[in-house]
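S.K.: prediction below, plus the sequence it came from.
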Amino acid sequence: MSSLAARRRSPLALLMLLFLGLTFTGTAYAALQTGAAPGTSAEGASQEQLGEGRQLFLANCASCHGANAEGNGEAGPSLYGVGAAAVDFQVATGRMPLPAPGVQAERNISQVHFSDEQIEALAVYVDSLAPGPDVPEEQWLDASQGDAANGGAVYRTNCAMCHNSSGTGGALTRGKYAPTLMGVDAQHIYEAMLTGPQSMPVFNDQNITPEEKRDVIAFLKSIEDGANDQGGHTLGSLGPAGDALFAWTIGILAFIGAAVWLGRKAA
Amino acid sequence: MANPHHDDTAPAMRDDAAAPARSETFQNPGLPPHVPRRADGDPKAAKRAEIQVVVLFTLSALASIAFVVAYFVIDPDLKGYLLGIGEINLFHLAIGVTMGVSLLGIGLGAIHWAKTLMPDEEVVEQRHPQVSGDDDREAVAQTLSHGWRSSQLNRRSALLGSAGGALGLFALPIVLPVIAGLGPRPQGLYTTNWAEGTLLRIDPSGAAIRAGDVTQGSVFHVMPDGWVGHEAVEEHGAEEAMIAKAKDQVIVVRLDPSLIKSQKQREWGYEGIVAYSKVCTHVGCPVALYEQQTHHLLCPCHQSTFDMTDDCNVIFGPAKRALPQLPITVDGDGYIVAAGPFREPVGPSFWERERPGLMGVE
């Protein structure tokens, strides 16, 4: 305690304090953040909320999507009909506002610049321009009510080819990729299926019903909890590429080392 | 004096010239001097090495016993947390570690024994000349020559030819069944369970699809009516259901009709909804990575990429043919049905694939 007190005037102490403070507020903020409340849509939104949403939209989105969300050619698509669900997914996962043009917008949960209320206001405003899918109701997000086995069947047919059979993501064409689904909020998984962000196709309620979407969430949460792990290190569950990298570099190096040691003369 | 550097090197060059001409072969350096190990001279060290080897072998024996105990005692589903690895199945961990220690104990014990106690003197074993004596070689030549002449091969050459032919051709009855038995020709790829009027059903839920359900940007993975989910396994058996899944799988998307470049693709679809075989024309993986913005369809196995707006022609990768299109239409109730079977074999190429007439269509 006394040694800590003695160092409190060191210039490093300030840096350390800054680092810790930023880390903790960042993580705590990210952990609490889920985005708009379940069921958010333009219906029943107050005039005040719509006004706040419009202000936020003009300040943060309009430069690419146009002042009335009509789209701006290459810079950004029209947001008519994307719905509150798409806005919540893009903004609450940190994909939008896009930090820089690139192959695709990346999930960046520590860079969400808006509070839940602000995301909700933004979502109802965009939804009020031309309605689209709403933020899902709470009942469809509860993994404990889902059937993980059926969810696995739906997942393997519709999702596994891009997101990997263990939900850890994979490569697409020309630098695009399907992100990992591990550690993703149930609400965002549901919204992604419903709205088809970026390269991902849309899975509407006629294709995968809300019950089946909940089953998929239950399946993903069960493998997140280790239901697929039968022991040993998963090496990221990336499939044969990760395993081969491990075997061919670390494994074979160890064998060569052992062979050299065996062949040396004892003295 | 003007160039001191030259002066420095000059004596060395003279030395070189004075040295005798260098030999082209290396001198045999011989064996390095033998260094006795501690256990060679010190009985205490030798005793210590012996004990170490015994401990290693005993450790192996104990681990083997522990393996058997763990195998019967630990619940195979027991899980626990291990530092640095995370959640892990403790049954697998226990039998893996005990078997590993058991093998490692034997290996390390044997190596330690060899390195500390077994003799490590370098020994040179002289080799005797390989060639036989002149007498023996003469005798063998005599025997062979006598045999050749007494079998009359020197006078009746037809004997040698016919015998060679008989022996050579005998290879055919052995080799032929092996090659011919490599399996049936892939006849199965000519036919699928798709026929005129077959309902497209969502895999695995089994729901039929209305044309209006297929919104732009969505993708449906479908199977023919009667071949979906557990019901198909119960009705047709697991093997038939699996074969159907491998051949009949189809991907359905709706494209903006103005984007479609092929007239045939537009005609075989319905208002921009098109259905294609999901079996890659390269080696048959399911091609299902549909990018809704670029309309590219990517095969995860070897990165073959198909352009859905251009009749699923190959734009990248090892596949050589476009994916076969399934003609579709809408029945009286508004559900999407096949307008006919596939017009070409699905899946990877095979020799007889292009032979006309086998599909019953041109």
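M.R.: Thanks, I have it. Residues are numbered from 1 along each chain as shown, chains lettered A, B, ... in the order given.

S.K.: ok so residue A:88 is a strand residue?
M.R.: No - assigned with DSSP: H, G, I helix; E, B strand; the rest coil, residue A:88 falls outside any strand and is helix.

S.K.: what's the neighbour count on it?
M.R.: Residue A:88 has 30 neighbouring residues, counting by other C-beta atoms under 10 Å in any protein chain shown. Quick note: C-beta positions are derived from backbone N, CA and C, even for glycine.

S.K.: dump the residue contacts of it.
M.R.: Residues in contact with residue A:88 (C-beta atoms under 8 Å, 6 or more residues apart in numbering or on different chains) are A:35, A:36, A:40, A:119, A:120, A:123, A:135, A:187, A:188, A:191.

S.K.: what helix or strand is the fourth one on?
M.R.: So the one you mean is residue A:119. Element membership of residue A:119, judged by DSSP states H and E, is helix A:116-129.

S.K.: quick one: that helix to chain centroid distance?
M.R.: 19 Å (C-alpha atoms, centre = their mean, to the nearest Å).

S.K.: other SSEs contacting that helix?
M.R.: In terms of contacts (3 or more C-beta pairs under 8 Å, 6 or more residues apart in numbering or on different chains; DSSP states H and E), helix A:116-129 is packed against helix A:47-60, helix A:83-92.

S.K.: okay, the angle between it and helix A:83-92?
M.R.: Between helix A:116-129 and helix A:83-92, the angle comes out at 140 degrees (axes from the mean of the first three to the mean of the last three C-alpha atoms, to 10 degrees).

S.K.: next, the buried residues of helix A:116-129.
M.R.: A:116, A:118-129 (16 or more other C-beta atoms under 10 Å in any protein chain shown).

S.K.: kindly report the same for stretch B:44-62.
M.R.: For stretch B:44-62, by 16+ other C-beta under 10 Å, it's B:46, B:49, B:52, B:53, B:56, B:57, B:59, B:60.

S.K.: likewise stretch B:75-89?
M.R.: Under the neighbour-count criterion of 16+ other C-beta under 10 Å, stretch B:75-89 has B:79, B:88, B:89 buried.

S.K.: the residues you listed also near chain A: which ones?
M.R.: When C-beta under 8 Å from any C-beta of the partner chain is applied, the members of the buried residues of stretch B:75-89 adjacent to chain A are B:79, B:88, B:89.

S.K.: can I see the domain layout of chain B?
M.R.: Following automatic domain parsing, one gets these domains for chain B: B:38-116, B:188-354.

S.K.: what about the first one, start to end distance?
M.R.: What it means is domain B:38-116. Distance between the two ends of domain B:38-116: 8 Å, counting by C-alpha to C-alpha, to the nearest Å.

S.K.: give the contact list for residue 111.
M.R.: I went with chain A, as the question did not name one. Neighbours of residue A:111 in contact, by C-beta under 8 Å, 6+ apart: A:94, A:99.

S.K.: actually it's chain B I care about, not the one you picked
M.R.: residue A:262.

S.K.: can you redo the helices and strands packed on helix A:116-129 as CSV with mean pLDDT?
M.R.: Below are the helices and strands packed on helix A:116-129 laid out as CSV (pLDDT from 0 to 100):
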stretch, mean pLDDT
helix A:47-60, 90
helix A:83-92, 92
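
S.K.: residues near residue 199, how many?
M.R.: Assuming you mean chain A. 21.

S.K.: correction: the question concerned chain B.
M.R.: Neighbours of residue B:199 (other C-beta under 10 Å): 19.

S.K.: what do you get for residue B:144?
M.R.: Neighbour count of residue B:144, defined by other C-beta under 10 Å: 10.

S.K.: the nearest residue to residue B:289 once chain neighbours are set aside bridge partners, please.
M.R.: Distances taken as C-beta to C-beta, 6 or more residues apart in numbering or on different chains put residue B:298 closest to residue B:289, at 4.0 Å, once the chain neighbours are dropped. Per DSSP bridges, the residues bridged to residue B:298 are residue B:289, residue B:305.

S.K.: assess the claim that residue B:298 and residue A:172 are in contact.
M.R.: Yes - counting by C-beta atoms under 8 Å, residue A:172 is a contact partner of residue B:298 at 6.3 Å.

S.K.: tell me how far the ends of stretch A:89-99 are from each other?
M.R.: With C-alpha to C-alpha applied, stretch A:89-99 spans 16 Å between its terminal residues.

S.K.: contacts for it, please.
M.R.: Contacts of stretch A:89-99 (C-beta under 8 Å, 6+ apart): A:33-36, A:60-61, A:64, A:105-114, A:116, A:119, A:122-123, A:184-185, A:187-188, A:191-192, A:195, A:197.

S.K.: residues of that stretch that come out buried?
M.R.: In stretch A:89-99, counting by 16+ other C-beta under 10 Å, buried: A:89, A:90, A:91, A:92, A:93, A:94, A:95, A:96, A:97.

S.K.: got it, and stretch A:147-154?
M.R.: Quick answer for stretch A:147-154 (16+ other C-beta under 10 Å): A:147, A:148, A:150, A:151, A:152, A:153, A:154.
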